[in-house]
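Undergrad: Compute the structure for the input listed below.
(one chain, ligands or ions: 2)
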Amino acid sequence: MIQQEKYVNIKKALKKELEKERYQHTLSVAFTACSLAMRWGVDLDEAYIAGILHDCAKNIPDEDRVKLCEKWGLPVNKTERKNPTLLHAKMGAYLAKEKYGIRDEKVLLAIESHTTGRPDMSMLEKIIFVADYIEPYRTKAENLTVIRREAFIDLDKAVLRISGDTYRYLLSKTPENIDPMTEEVFRWYQKEVEDR
Ligand code: FE
Ligand code: FE
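TA: Numbering: from 1, shown residues only. Ligands and ions are numbered 1, 2, ... in the order given. Model (predicted):
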């Protein structure tokens, strides 16, 4: 059961903080994450709060990100310097802890890895990674219908398809901006799915 009253203040703050569409996306990820959590036996509260907060740093202007990360003591790599939007995941985990008072490391990690994913993710991380991609307001990605179905049948395969599609898409559009982690995740899940 989701303890809604616990999150009233967080939701109020996020509604103010984020653009309308981003806030809608946030709620949509939270409920999609809960549906996946029901299917895969993950705590609904954790799925909900990670979903609500996953993009909580998305409104920060890209030109401020590197400086803020330095101030907050967060490491910034070469790819992130070139493409600071990537930092919203790491900064989101930081704000979730410092501003919104979330102490659950599982939740913070799911926020941190939601954009590129990570090899060997926890169930909660996979759920947030996948929910972010398939939530009902999403329309642009290829294979959405297939991935939405797959997410409830074989979560690792859904992660593989998302990371593969993302990797190929970025390779065709902005190869200079790809985070090496995107390829690493794709290869890792390819092997994971093949080897079983
Ligand atoms: Fe995001
Ligand atoms: Fe998102």
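
Undergrad: Every contact and neighbour count from this point should use C-alpha atoms.
TA: Noted.

Undergrad: what's downstream of the helix or strand of the chain with the lowest mean pLDDT, the next helix or strand?
TA: Sorting the helices and strands of the chain by mean pLDDT, DSSP states H and E puts helix 78-82 at the bottom, at a mean of 93. Sequence order places helix 87-98 as the next helix or strand after helix 78-82, per DSSP states H and E.

Undergrad: Could you look up the next helix or strand downstream of that following helix?
TA: Using DSSP H and E, the helix or strand that directly follows helix 87-98 along the chain is helix 105-112.

Undergrad: Mind giving me the packing neighbours of that next one?
TA: Helix 105-112 sits against helix 44-53, helix 87-98, helix 123-134, with contacts defined as 3 or more Cα pairs under 8 Å, 6 or more residues apart in numbering; DSSP states H and E.

Undergrad: Of all those helices, which one comes closest to Val66?
TA: helix 87-98 (8.1 Å; Cα to Cα).

Undergrad: Can you list the buried residues in that closest one?
TA: 87-97 (16 or more other Cα atoms under 10 Å).

Undergrad: Just give me the closest of those residues to Thr26.
TA: Looking across the buried residues of helix 87-98 and measuring by Cα to Cα, the closest to Thr26 is Gly92, at 12.5 Å.

Undergrad: wait, the closest one sits on Asp55?
TA: Yes: with contacts counted by Cα atoms under 8 Å, Gly92 reaches Asp55, the gap being 6.2 Å.

Undergrad: Touching both of these two, which residues are there?
TA: Ile111 (Cα atoms under 8 Å, 6 or more residues apart in numbering).

Undergrad: pLDDT below threshold where in this protein?
TA: Along the chain, segments meeting pLDDT under 70 span 1.

Undergrad: For the one residue sitting closest to the centre of it, list the residues it contacts.
TA: By Cα atoms, centre = their mean, the chain has its centre lying nearest to His114, at 2.2 Å. Residues counted as contacts of His114 (Cα under 8 Å, 6+ apart) are 54, 89, 125, 128-129, 132.

Undergrad: and if we set it to 7 Å?
TA: 89, 125, 128-129 (Cα atoms under 7 Å, 6 or more residues apart in numbering).

Undergrad: Tyr189: how many residues sit nearby?
TA: 23 (other Cα atoms under 10 Å).

Undergrad: Touching, it and Leu160? I think so.
TA: Yes: at 5.3 Å, Tyr189 counts as touching Leu160 under the criterion of Cα atoms under 7 Å.

Undergrad: out of the helices and strands packed on helix 105-112, nearest to Asn9?
TA: Nearest of the helices and strands packed on helix 105-112 (Cα to Cα): helix 44-53, 11.9 Å.

Undergrad: distance of Glu105 from Ala96?
TA: Applying Cα to Cα, to the nearest Å, the value for Glu105 to Ala96 is 10 Å.

Undergrad: just His114 next, same as before
TA: Relative to Ala96, and taking Cα to Cα, His114 is found at 13 Å.

Undergrad: Please report how far Thr174 lies from Tyr167.
TA: Taking Cα to Cα, one finds Thr174 at 10 Å from Tyr167.
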